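J.: no sequence on this one, just coordinates:
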């Protein structure tokens, strides 16, 4: 990948191919970003309490929409591996509790890098590996 990224006009790009550097890595390309790190947790139990106050009508709206999850984790249903519960105290402050199902891994975040940064690191590793092999 780093060779393809760092060589815009030569191999692996063929001049007669509709797939080229621009529509792969360019501003409208299909490989502009890469996932470099994935954060996965198991047996998660997160409680978030809001300092904001919510009116009765806002509380009803929040309760009716909470099955899709609440910040910081949005899920489509309990079958997704976690459950979301929302409650309000007498002052209207909200508490959200998100609990994962036992033994179910939940993706909670990732780091995404631009292709140039991600493949630049790969290019540097390739260069160092090639130099180390040449010394053998």
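T.: Right, received. Where do you want to start? Given the structure is predicted, the values throughout are model-derived calculations rather than measurements.
J.: mind listing what the residue nearest the centre of the chain touches?
T.: Nearest to the geometric centre of the chain sits residue 110, at 3.9 Å (Cα atoms, centre = their mean). Residue 110 sits next to 35, 36, 37, 38, 39 when contact means Cβ atoms under 8 Å, 6 or more residues apart in numbering. Where C-beta positions appear, they are placed from N, C-alpha and C, glycine not excepted.
J.: How about the secondary structure of it?
T.: Under DSSP: H, G, I helix; E, B strand; the rest coil, the three-state class of residue 110 is strand.
J.: In this structure, where is pLDDT below threshold?
T.: Scanning the chain with the threshold set as pLDDT under 70 gives 69-80, 121-127, 129-131, 133-134.
J.: Where do the strands of it begin and end?
T.: Along the chain, the segments classed as strands by DSSP state E run 33-42, 45-53, 69-70, 73-74, 82-88, 93-100, 105-114.
J.: tell me the most buried of those strands?
T.: Mean neighbours per residue, mean count of other Cβ atoms under 10 Å, is largest over these for strand 69-70, with a mean of 20.
J.: one step back: ok, which of the strands of the chain comes nearest residue 1?
T.: With Cβ to Cβ as the criterion, residue 1 lies closest to strand 33-42 of those, at 8.4 Å.
J.: Can you give the contact residues for that closest one?
T.: By Cβ under 8 Å, 6+ apart, strand 33-42 touches 100, 103-115, 118-119.
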